[in-house]
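# Structure for this input, please:
(chains A, B, C and D)
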Protein chains: 2
Amino acid sequence: MSKKPKPHPQQNHFLAALDPDVQERLFPHLELVPLPLRSLMYESGRTMRHVYFPTDSIISLQYIMENGASTAILVVGNEGLLGISLLMSGQGTPSRSVVQSAGHAYRLPRVKVKEEFNRHGKLLLLMLRYTQALITQVAQTAVCNRHHSIDQQLCRWLLLSIDRLSHNQLNMTQEFIGNMLGVRREGVTQAALKLQQQGVISYSRGLIKVLDRDKLETLSCECYGVVKKETEMLLPYLPKRQVITDVAAIPVVKLPTV
Amino acid sequence: MSKKPKPHPQQNHFLAALDPDVQERLFPHLELVPLPLRSLMYESGRTMRHVYFPTDSIISLQYIMENGASTAILVVGNEGLLGISLLMSGQGTPSRSVVQSAGHAYRLPRVKVKEEFNRHGKLLLLMLRYTQALITQVAQTAVCNRHHSIDQQLCRWLLLSIDRLSHNQLNMTQEFIGNMLGVRREGVTQAALKLQQQGVISYSRGLIKVLDRDKLETLSCECYGVVKKETEMLLPYLPKRQVITDVAAIPVVKLPTV
DNA sequence: CAACTTCTGTGCGATTTCGCACACAAGATT
DNA sequence: AATCTTGTGTGCGAAATCGCACAGAAGTTG
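Residues are numbered from 1 along each chain as shown, chains lettered A, B, ... in the order given. Predicted structure coming up:
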């Protein structure tokens, strides 16, 4: 296969929504980072030096219990960014961030973002709105964990994921999904089987294809809809006033693997 | 019983931590609001015109499902404030806020807070830190809902609540706790019985007394500790530089009951 | 004090999820 | 082709929780 073209920074909606002057200040410091499946972006206790803006990748944020059990509480794709806590307090969070769908992200040094943040312009404004959408997603996860079946939660999870991609395929095993939802792998198998029998998805060895998105929505709990609606209300990144960027000139960085 | 003295604004740690000049600008607009048990502070779809700073009350924030089931995702006491979403986006959230422990709160018109917020001073700084602590609490609730027993969650809930009061008594029925945790009333009864038999709490008809706080902590899941640690790290409201305020001059407001 | 409402205790079968064990299937390795 | 690793399907008893029904206890009201 030949070399694929680099993704453009503007593919990340958050970056795209920044004012041209902000973009002009920040974009010279951009680095492109390929994100292989399952690489570890952040772990509790470590220091994060960059803020990441996914273009065609998905990062999920999970909390890990002392006994190793985990739950994903948030999915970040090209609608947002990873690392708002760096702006809010400078402190890390007691969480872990893992690449859930391989792809790329642009990143900026936390210092540069912080500088721009302190100008109290569009970046601050967008960050606040994104934070509220984030809180909604986390809160709805809490509710969902309490009240809904594995079947419903699987639907929600699949929808949240494909919403953040330009295709309908997901690279994740049932074991992985189990970790994300905080349930047994067998439980995911049962739920996935039902979906496959209904022709909603098909899958094999870690590759899931969504065949009937509409049906998936009807089978999902209301949680997905609530989050989606709130997100769309809070993040209407409408007029993309783009700064022309020479993508080729942006350096590419390799992340260390776990 | 004779009239009790008004609580002081500085009893709210957030207000107390503001710089004197900020306090001087804001405090003239303060109103004192008595918060009767179970009064409704906010409901999804309504407009909030004030930001509330509890002094000796607790407000809990819950999400309601279409079928009426609910889960509390956040507890707000004198360490924080209700209404950050007004600052973050101006939009409401799909949640409901209820007074969980009667008492008082000071409130400020959203416009005044927003004005001060836009000065990008201490208020903004504190608000960001508080928001991060809030996210941690919500996220930990999500994890807890997934992985821990009713017994453990009851302990967590009791601890979060009494931490925000100056005494060790809680006014809530088991039915109410059930609504907050999103579990059946009978489940709460079972869990509460165990605690009472171990001498950790005593209760009768909606009045719970915490007798052995230490034991309660050991019986709780790790979620409580994580939230507490993060909160203390993020909100070290250290030097209280107080503006002398004439409490008597602050107007008192009555909230409409549900 | 009688009637009523509210809160708490208890029992039981249904349901969901868990934990574990194991079989099988599809790629990957040699 | 033979073997190994990884991912998926299945069966079972155990545990937690649910939904419901009802009884009794503690206040409240008339």
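
# what about stretch A:19-34, how long is it end to end?
Using Cα to Cα, to the nearest Å, the end-to-end distance of stretch A:19-34 comes to 26 Å.

# Check stretch A:5-18 too.
Terminal residues of stretch A:5-18 are spaced 23 Å apart (Cα to Cα).

# what does that stretch contact?
Residues outside stretch A:5-18 that contact it (Cβ atoms under 8 Å, 6 or more residues apart in numbering or on different chains): A:23, A:26-27, A:30, A:32, A:53-56, A:78-81, A:103-106, A:122-123, A:126, A:130, A:235, A:237, A:240, A:242, A:245, A:247-248, A:250, A:252. Yep, even glycine has a C-beta here, placed from its N, CA and C like the rest.

# Could you give me the ChimeraX selection string for whichever of those are buried?
Selection of buried members from the contacts of stretch A:5-18 for ChimeraX, criterion 16 or more other Cβ atoms under 10 Å in any protein chain shown:
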select /A:23,26,27,30,32,53,54,55,56,78,79,80,81,103,104,105,106,122,123,126,130,235,245,250
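
# mind listing which of the contacts of stretch A:5-18 are in helices?
A:Q23, A:L26, A:K122, A:L123, A:L126, A:Y130 (DSSP state H).

# ok, of those, which one's closest to B:E115?
A:K122 (19.6 Å; Cβ to Cβ).

# For that closest one, give me its contacts.
Neighbour list for A:K122: A:A17, A:L18, A:D19, A:V22 [criterion: Cβ under 8 Å, 6+ apart].

# Relative to DNA strand D, how far out is it?
Applying Cβ to the nearest atom of the strand, to the nearest Å, the value for A:K122 to DNA strand D is 42 Å.

# buried sites along stretch A:157-176?
A:157-165, A:170, A:172, A:174, A:176.

# Which parts of chain A are helices?
Using DSSP H, helices in chain A cover A:13-17, A:20-26, A:84-88, A:110-117, A:122-147, A:150-162, A:174-181, A:185-197, A:213-219, A:222-234.

# hmm, the third one touching chain B?
Read that as helix A:84-88. Yes - shown here: helix A:84-88 in contact with chain B (Cβ under 8 Å from any Cβ of the partner chain) through A:S85, A:L87, A:M88.

# residues touching A:E79, list them.
A:H13, A:F14, A:R164, A:T231, A:L235.

# let's go with 6 Å and repeat that
By Cβ atoms under 6 Å, 6 or more residues apart in numbering or on different chains, the contact set of A:E79 is A:H13.

# Please produce TSV containing the helices of chain A, extended by mean pLDDT.
Below are the helices of chain A laid out as TSV (pLDDT from 0 to 100):
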stretch	mean pLDDT
helix A:13-17	94
helix A:20-26	95
helix A:84-88	95
helix A:110-117	96
helix A:122-147	96
helix A:150-162	97
helix A:174-181	96
helix A:185-197	96
helix A:213-219	96
helix A:222-234	94
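
# For the stretch 151-258 of chain A, what lies in contact range of chain B?
By the rule Cβ under 6 Å from any Cβ of the partner chain, the part of the stretch 151-258 of chain A lying against chain B is A:G182, A:E222, A:V226, A:L234.

# same thing but at 10 Å, please
Taking Cβ under 10 Å from any Cβ of the partner chain as the contact definition, the stretch 151-258 of chain A meets chain B at A:153, A:181-183, A:221-223, A:225-227, A:229-230, A:233-235.

# burial count for A:G45?
7 (other Cβ atoms under 10 Å in any protein chain shown).

# tell me, what residue is most central in chain A?
Centroid-nearest residue in chain A: A:V76, 1.6 Å away (criterion: Cα atoms, centre = their mean).

# Any idea what that one is bridged to?
On the basis of DSSP bridges, A:V76 is bridged to A:I59.

# does it really touch A:V51, like I thought?
No - under the criterion of Cβ atoms under 10 Å, A:V76 makes no contact with A:V51, lying 11.2 Å away.

# which ones are touching A:S95?
Taking Cβ atoms under 10 Å, 6 or more residues apart in numbering or on different chains, we find A:S95 in contact with A:42-44, A:61-64, A:70, A:72-74, A:85, B:135-136, B:139-140, B:143.

# Spell out which residues belonging to chain A are near DNA strand C, please.
Proximity of chain A to DNA strand C, by Cβ under 7 Å from any atom of the strand, involves residues A:S149, A:I150, A:D151, A:G182, A:V183, A:R184, A:E186, A:G187, A:S204, A:R205.

# Can you say which of those are buried?
Judged by 16+ other Cβ under 10 Å, buried ones among these: A:I150, A:D151, A:G182, A:V183, A:G187.

# possible to save those as TSV with distance to B:L37?
Listed next are these as TSV, based on distance: Cβ to Cβ, whole Å:
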residue	distance to B:L37
A:I150	37
A:D151	38
A:G182	34
A:V183	37
A:G187	40
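
# Let me see the contact set for the closest residue to A:G121 other than its chain neighbours.
Among residues not flanking A:G121 along the chain, A:V22 sits closest, at 6.2 Å (Cβ to Cβ, 6 or more residues apart in numbering or on different chains). Residues in contact with A:V22 (Cβ under 10 Å, 6+ apart) are A:L15, A:E116, A:R119, A:G121, A:K122, A:L123, A:L126, A:V243.

# Please apply the same query to A:F27.
The contact partners of A:F27, by Cβ under 10 Å, 6+ apart, come to A:P9, A:Q10, A:L15, A:L18, A:Y106, A:L108, A:V243, A:T245, A:D246, A:I250.

# how many other residues sit next to the fourth one?
When neighbours are defined as other Cβ under 10 Å, A:L18 has 26 of them.

# For it, give its distance to B:H120.
The gap separating A:L18 from B:H120 is 18 Å, by Cβ to Cβ, to the nearest Å.

# what do you get for the last one?
Using Cβ to Cβ, we find A:I250 at a distance of 31 Å from B:H120.

# A:I84 touches B:M88, doesn't it?
No - A:I84 lies out of contact with B:M88 (Cβ under 10 Å); the separation is 11.5 Å.

# Give me the common contacts of those two.
Joint contacts of A:I84 and B:M88 (Cβ under 10 Å, 6+ apart) are A:M127, A:L128, A:Y130, A:T131, B:L128, B:T131.

# could you dump these to TSV with distance to B:T93?
As requested, the shared contacts of A:I84 and B:M88 are exported to TSV (distance: Cβ to Cβ, whole Å):
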residue	distance to B:T93
A:M127	17
A:L128	13
A:Y130	14
A:T131	12
B:L128	18
B:T131	13
